[in-house]
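Engineer: Mind folding the following:
(chains A and B)
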Amino acid sequence: AQSVTQLDSHVSVSEGTPVLLRCNYSSSYSPSLFWYVQHPNKGLQLLLKYTSAATLVKGINGFEAEFKKSETSFHLTKPSAHMSDAAEYFCVVRIGSSNTGKLIFGQGTTLQVKP
Amino acid sequence: NAGVTQTPKFQVLKTGQSMTLQCAQDMNHEYMSWYRQDPGMGLRLIHYSVGAGITDQGEVPNGYNVSRSTTEDFPLRLLSAAPSQTSVYFCASSSPPYSGTAGELFFGEGSRLTVL
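Structural biologist: Presented below is the predicted three-dimensional model:
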């Protein structure tokens, strides 16, 4: 069965320091993986996606994620946090090879950025 | 660019009342879905549709009905609201992966429902 686990429910960093949000997945197929961001009282927005091309994926706002099949991980990183990065982040796996867009969401990681 | 539009943004119901959450998208997406978001549980799929006239159940369909008479609209109906349905509801749409977008979901801004 496909699933996704976000290893931290809450991460706190200082502005200007690196960000690491951790995500592990399990999938019977070669997965499609996504990171979404949700700012307060807003809908979710796609940050980046992995779809079996390059294993290092670059997204918007300076975020990137590396797909590591041997570790079944897809951790999200950013070299230098900005106050505007404070939000909730969701790691998402798309079920199998279906084209229905059916996704499984992790439980979310709240990123706090301190001045 | 309207994208995905949800109405209402806020609603308070009494137990047993019925209501419909509206969702419309203007991107000609075939796939539409409804999620509910509860603290510490991420988003859970309620119902989804892969095209007009086709709907299917997600993880948590009980207490909700949907229909898809047009490509643009995908309303979610609560037939008899219960306090357990207090949540934030998100509608999302997507084009198929073969279009190159790999099933990226486009979300509305959410509808906050409280059932007393």
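
Engineer: mind checking the backbone torsions on B:Gly40?
Structural biologist: Dihedral pair for B:Gly40: phi 70, psi 10, per degrees, to the nearest 10.

Engineer: B:Trp34 against B:Ser87, yeah?
Structural biologist: No. Assessed by C-beta atoms under 8 Å, B:Trp34 is found out of contact with B:Ser87, at 10.8 Å. Using the backbone N, CA and C atoms, a C-beta is placed for each residue, glycine as well.

Engineer: part of a strand, is A:Ser84?
Structural biologist: No. A:Ser84 is assigned helix when assessed by DSSP: H, G, I helix; E, B strand; the rest coil, not a strand.

Engineer: count of residues packed around A:Gln112?
Structural biologist: A:Gln112 is flanked by 13 other residues according to other C-beta atoms under 10 Å in any protein chain shown.

Engineer: Verify the contact between B:Gln17 and B:Pro83 for me.
Structural biologist: No. Counting by C-beta under 8 Å, B:Gln17 stays clear of B:Pro83, with 11.8 Å between them.

Engineer: Comparing the two, which residue is more hemmed in?
Structural biologist: Set side by side, B:Gln17 and B:Pro83 show more neighbours around B:Gln17, with 14 against 10, by other C-beta under 10 Å.

Engineer: Spatially nearest residue to that one (excluding sequence neighbours)?
Structural biologist: Leaving aside its sequence neighbours, B:Gln17 sits nearest to B:Ala81 (C-beta to C-beta, 6 or more residues apart in numbering or on different chains; 5.2 Å).

Engineer: is stretch A:5-22 up against chain B anywhere?
Structural biologist: Yes. Residues of stretch A:5-22 contacting chain B under C-beta under 8 Å from any C-beta of the partner chain: A:Ser9.

Engineer: that older thread, B:Trp34 and B:Ser87 - which one has more neighbours?
Structural biologist: Neighbour totals were compared for B:Trp34 and B:Ser87, and B:Trp34 leads with 28 against 21 (other C-beta under 10 Å).

Engineer: May I have the beta-bridge partners of the residue of chain B found nearest chain A?
Structural biologist: Closest approach between chain B and chain A, counting by C-beta to the nearest C-beta: B:Phe107, at 3.5 Å. For B:Phe107, the beta-bridge partners are B:Ala92 (DSSP bridges).

Engineer: Surely it and B:Ala92 touch.
Structural biologist: Yes. In this structure B:Phe107 lies within contact range of B:Ala92 using C-beta under 8 Å: 4.7 Å.

Engineer: of the two, who's got more company?
Structural biologist: Between B:Phe107 and B:Ala92, counted using other C-beta under 10 Å, B:Ala92 has the larger neighbour count: 27 against 22.

Engineer: Near chain A, which residues of chain B? Just list them.
Structural biologist: Residues of chain B lying near chain A (C-beta under 8 Å from any C-beta): B:4, B:31, B:33, B:35, B:40-45, B:48, B:50, B:58, B:90, B:92, B:94, B:96-98, B:102-105, B:107-110.
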